[in-house]
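S.K.: here's a sequence, model it:
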Amino acid sequence: MTKKLWFQTGIAILLALLIIKFFLEINYIFAPIGIIAKAIILPLIVGGVLYYMTEPIQRFLEKRKVPRWGTILIILAILAGGIYAFSALVYPPIAKEVNNLIDNGPKITSELVHFKDLALEQKKDLPPQVEESLNSAADKIQSYALKFGGWVVSFIQSFVQAIVLLVLVPFFFIFMLKDHEKLAPNIYKYFSGKRRMWVKKTIEDIDHVLRSYIQGQFLISAILATIILIGYWIIGLQYALLIAVFTLFMNLIPFLGPWIAVMPAILIAFTQDPKLVIWVGVITLAANQIDSNFITPNIMGKSLDIHPLTVITLLLAAGNIAGFVGIILAVPVYGVAKVIVANIYAARREIKETATKTV
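M.R.: Purely as a prediction, here's the structure:
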């Protein structure tokens, strides 16, 4: 019985639970380690994202015989130029729209409150069943709004931490650009034989998943934000650039991001001209259809191959556990875990097939 897979899996789960239990009981011993890890993980993630976003540029330059130090200097110059261009060209109109939005905030709020009062007055004339359903829906929307507010606060806190630890981000980023080929060999050099080949393949698969997801998701978000910006400019929606920037970051969340991003656009459209709400819906629907049918299949392909229902479940669970940062990291972490499990399963199946042939 001890050789059965289900028995070994059960023992492994029990041992893992015991380890977690004992770890929680003596977590004060590891508190300093946790503080150091938190200080390192965030800039490491940011540096990794920057690496995967700029790695195609480095590969392109190295194919043209540009030395490694030259590619790093060129990439840093490109990033510096991008930051300067953003601060000179994009930031001023965004700041202007933010100031206008703050100035018009009381007016927008009063119009929304007026609409809510009208809806409540109309609700009294509805049948009891419909009124109960509306109350339930309103409670759920309020609950989701509070959770979303918590995600935003968590995101702002993480962003502030990234600014405070800004010195570490360039360090990790430059180190990855310089020595990224040395990471995998330094890991699988401690193994030999088939185990070494398995570790090497697993690392390569993880690298492929992270590269495909990060590069693809950022490119898709940029394309969708551009489409949304052009559409909102055409219909004359106020704060179009500010909403497009918000859309850019929200689209980093698969499936749910575009629908979260459209909420402020609908509110602005309703206070500006209720007819614009229809056009906002049409533009959002068209952009999402273009994304799901043309952009995502051609950019992402089947690199992750995760069912949409699985993604939504991951996002909701990660949001409740780790806030907005958890939502951002949920899909790539799941993709990495899926690669590891798939490779473990493939290795076990290969061992069984080899044993069967031997017998």
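
S.K.: hmm, residue 50 and residue 173 touching each other?
M.R.: Yes. The criterion here is Cβ atoms under 8 Å, and residue 173 meets it with residue 50 at 4.8 Å. Just so you know, the C-beta spots here come from the backbone N, C-alpha and C atoms, and that holds for glycine as well.

S.K.: more crowded one of those two?
M.R.: Legend: neighbour count by other Cβ atoms under 10 Å for residue 173 and residue 50, higher for residue 173 (23 against 20).

S.K.: please name the nearest non-neighbouring residue to the more buried one.
M.R.: Nearest residue to residue 173, sequence neighbours excluded (Cβ to Cβ, 6 or more residues apart in numbering): residue 47, at 4.1 Å.

S.K.: show me what contacts that neighbour?
M.R.: Taking Cβ atoms under 8 Å, 6 or more residues apart in numbering as the criterion, residue 47 is in contact with 168, 169, 170, 171, 172, 173, 175, 176.

S.K.: tabulate those residues in JSON lines, adding columns for secondary structure and pLDDT.
M.R.: As requested, those are arranged in JSON lines below (DSSP: H, G, I helix; E, B strand; the rest coil; pLDDT from 0 to 100):
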{"residue": "168", "secondary structure": "helix", "pLDDT": "77"}
{"residue": "169", "secondary structure": "helix", "pLDDT": "81"}
{"residue": "170", "secondary structure": "helix", "pLDDT": "85"}
{"residue": "171", "secondary structure": "helix", "pLDDT": "85"}
{"residue": "172", "secondary structure": "helix", "pLDDT": "87"}
{"residue": "173", "secondary structure": "helix", "pLDDT": "89"}
{"residue": "175", "secondary structure": "helix", "pLDDT": "89"}
{"residue": "176", "secondary structure": "helix", "pLDDT": "90"}
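
S.K.: those, buried ones only, as a ChimeraX selection?
M.R.: This is how ChimeraX selects the buried members of the contacts of residue 47, with burial counted by 16 or more other Cβ atoms under 10 Å:
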select :168,169,172,173,176
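
S.K.: ok, the contacts of residue 47 vs residue 101, which is closest?
M.R.: Distance to residue 101 across those (Cβ to Cβ) is lowest for residue 169, with 29.7 Å.

S.K.: now do the buried residues in stretch 207-225.
M.R.: Neighbour counts using 16+ other Cβ under 10 Å place 207, 209-218, 220-221, 223-225 of stretch 207-225 among the buried residues.

S.K.: and the next element down the chain from the helix or strand that contains the residue nearest to residue 173?
M.R.: Using DSSP states H and E, residue 47 sits within helix 27-63. Once the chain leaves helix 27-63, the next helix or strand it forms, by DSSP H and E, is helix 68-85.

S.K.: secondary structure class for residue 190?
M.R.: When classified by DSSP: H, G, I helix; E, B strand; the rest coil, residue 190 comes out as coil.

S.K.: can you check residue 249 too?
M.R.: Strictly by three-state DSSP, residue 249 counts as helix.

S.K.: please tell me how far it sits from residue 293.
M.R.: With distances taken as Cβ to Cβ, to the nearest Å, residue 249 is found 23 Å from residue 293.

S.K.: good, we can wrap up now.
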